[in-house]
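K.L.:
how would this look folded up:
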Amino acid sequence: MGNLGVVNFGIEPHSVELREVATPSIGSDDVLVEVAAVSVCGSDLHQWTASHSWPVNYPVVLGHEFGGRIVEVGASVLSWKLGDRVVSETAAIIDHNSPMTRIGRYNLDPSRKGFGYGVNGAMTKFVKVPARCLHKIPENVPFEHAALTEPCSVAYSAVISPGYIKPGDRVVVLGPGPIGVLCGAMAKLAGAEVAVVGLERDRERLKAAERYGCEVIIGDAKSWATAVDGLGADGVVDSAGISATLKIALDLVRPAGWIAKVGWGPQPLDFSLDQLVQKNVTLQGSFSHNWPMWERVLRMMSTGQLDITPVLGGIYPLEKWEEAFEAMHSGKILKAVLTP
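P.N.:
Predicted coordinates:
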């Protein structure tokens, strides 16, 4: 018996279609999850437009931000049962003996492969998930919200986990995509004043940042960054999907400040990093997340401290995946959720 899935089948642009895919067979350490909601990520769009910069195991079912119910449990799985409401982390394949895995930072294991590019993801009815990836969804958090745990964890990892941010800091976020807006939300929760910066075409998406209490800037943020004492922002989060914004970040940050680089940008740099040295700036790359970050984000959702409704732009049936992709790609909405 098969089920439909949104499949990225090749390297050419728009090599994505709805296909019948086999229901996965699980191993002893896995569970089978019936997907209730799967969120569309910018990386799904990049694979759809063939603008990505990571290897993809074609053909592959897209989708790595998802939640659902367990419908089958592997023989060695003792901590989960049928019917449990769960979300899954993205590190579908890791090397358990990797030095990074052994210190709990399996997200940085070089051999890591994720759902939706390395193995089949969740834009389908059933997905095989290693039990170690699972987290329980609090009863008061709906599946459509729980599906956004992953991007919220990306933002938590970039903004909160490094430990630089303090109440009263002034923080600039470059790039008002879903991750950028959620980074702004995290910085506000940490007590910072926040400005989210975008372009004229981003006005609709920037409304979500306003709902989180962030100031919104179209274009140049230098006057906001330097308003207090002329030196610059305490921190800059670079969440834009191009390399050139790092130059802007270096210009906006104050001496001894920090930059969190979370946005991917495959283009080579064409500018000097002397400002990084002269200003004594901490440049922190941020990739993915791990178990305690997911637990913290789910708890914040459960208590109402973290509200994701400002970024949730629409819920679509799986068959309307292309409509959902187009709505996000055009900037009309920040996040789309599919319901298989």
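K.L.:
now the strands for the stretch 51-200 of the chain?
P.N.:
Using DSSP state E, counting those that start in this stretch, the strands of the stretch 51-200 of the chain run over 60-61, 65-73, 85-88, 126-130, 134-136, 170-174, 193-198.
K.L.:
ok, the last one: who's next to it in the sheet?
P.N.:
By that I understand strand 193-198. strand 170-174 (parallel), strand 215-218 (parallel) (DSSP bridges).
K.L.:
Number of residues surrounding residue 230?
P.N.:
By other C-beta atoms under 10 Å, 8 other residues sit near residue 230. Where C-beta positions appear, they are placed from N, C-alpha and C, glycine not excepted.
K.L.:
Could you do residue 290 as well?
P.N.:
Going by other C-beta under 10 Å, the residues that sit close to residue 290 add up to 19.
K.L.:
Equivalent analysis for the one 3 residues further on, please.
P.N.:
The local packing count at residue 293 equals 21, with neighbours defined by other C-beta under 10 Å.
K.L.:
Next: the one 5 residues further on.
P.N.:
The burial metric for residue 298, expressed as a neighbour count using other C-beta under 10 Å, is 22.
K.L.:
Let me know the secondary structure of it.
P.N.:
helix (DSSP: H, G, I helix; E, B strand; the rest coil).
K.L.:
ok, now which ones touch it?
P.N.:
Counting by C-beta atoms under 8 Å, 6 or more residues apart in numbering, residue 298 makes contact with 87, 135, 136, 137, 138, 141, 146, 149.
K.L.:
Please determine how far it is located from residue 45.
P.N.:
Taking C-beta to C-beta, to the nearest Å as the measure, residue 298 falls 25 Å from residue 45.
K.L.:
Comparing the strands paired with strand 193-198, which comes out most buried?
P.N.:
strand 170-174 (a mean of 28; mean count of other C-beta atoms under 10 Å).
K.L.:
okay, that strand in PDB with CA atoms only?
P.N.:
Presented in PDB, the C-alpha positions along strand 170-174 are these (Å, rounded to 0.1, in the frame of the first residue of the first chain):
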ATOM      1  CA  ARG A 170      20.200  46.400  20.900                       C
ATOM      2  CA  VAL A 171      20.100  43.700  18.200                       C
ATOM      3  CA  VAL A 172      19.700  44.000  14.500                       C
ATOM      4  CA  VAL A 173      18.300  41.100  12.500                       C
ATOM      5  CA  LEU A 174      19.100  41.100   8.800                       C
END
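K.L.:
Can you show me the helices along the stretch 1-150 of the chain?
P.N.:
For the stretch 1-150 of the chain, the helices defined by DSSP state H, counting those that start in this stretch occupy 42-49, 99-102, 143-146, 149-159.
K.L.:
Can I get those in CSV including mean neighbour count and mean pLDDT?
P.N.:
As requested, those are exported to CSV (neighbours: other C-beta atoms under 10 Å; pLDDT from 0 to 100):
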stretch, mean neighbour count, mean pLDDT
helix 42-49, 21, 96
helix 99-102, 15, 98
helix 143-146, 23, 98
helix 149-159, 27, 98
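K.L.:
quick one, which of the ones you listed is nearest to residue 117?
P.N.:
Among the helices of the stretch 1-150 of the chain, helix 42-49 comes nearest to residue 117, with 6.8 Å by C-beta to C-beta.
K.L.:
Now tell me what touches the closest one from outside.
P.N.:
8, 13-14, 16, 52, 54, 56, 62-64, 116-117, 123, 177-179, 241, 325, 328-329.
K.L.:
Could you do stretch 98-116 as well?
P.N.:
41, 43-44, 47, 57, 60-64, 66, 88, 90-96, 118-119, 121-123, 127, 287-291.
K.L.:
And that stretch, what's buried?
P.N.:
98, 100, 101, 106, 107, 108, 109, 112, 114, 115, 116 (16 or more other C-beta atoms under 10 Å).
K.L.:
ok, of the contacts of stretch 98-116, which come out buried?
P.N.:
So, by 16+ other C-beta under 10 Å, the buried ones in those are 41, 43-44, 47, 60-64, 66, 88, 90-92, 94, 118-119, 121-123, 127, 288-291.
K.L.:
Looking at the helices of the stretch 1-150 of the chain, spot the one closest to residue 280.
P.N.:
Comparing the helices of the stretch 1-150 of the chain by C-beta to C-beta, helix 149-159 comes nearest, at 20.8 Å.
K.L.:
hang on, the earlier thing: the strands paired with strand 193-198 into CSV, with extra columns for distance to residue 82 and mean pLDDT?
P.N.:
Converted to CSV, these look like this (distance: least, C-beta to C-beta, whole Å; pLDDT from 0 to 100):
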stretch, distance to residue 82, mean pLDDT
strand 170-174, 42, 98
strand 215-218, 46, 98
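K.L.:
So the protein: which segments form each domain?
P.N.:
2-151+289-339, 162-285 (automatic domain parsing).
K.L.:
okay if I get the strands paired with strand 193-198 as a markdown table plus distance to residue 184?
P.N.:
Formatted as a markdown table, the strands paired with strand 193-198 follow (distance: least, C-beta to C-beta, whole Å):
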| stretch | distance to residue 184 |
| --- | --- |
| strand 170-174 | 5 |
| strand 215-218 | 9 |
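K.L.:
Among these, which comes closest to residue 231?
P.N.:
Per C-beta to C-beta, nearest to residue 231 of the strands paired with strand 193-198: strand 170-174, 10.3 Å.
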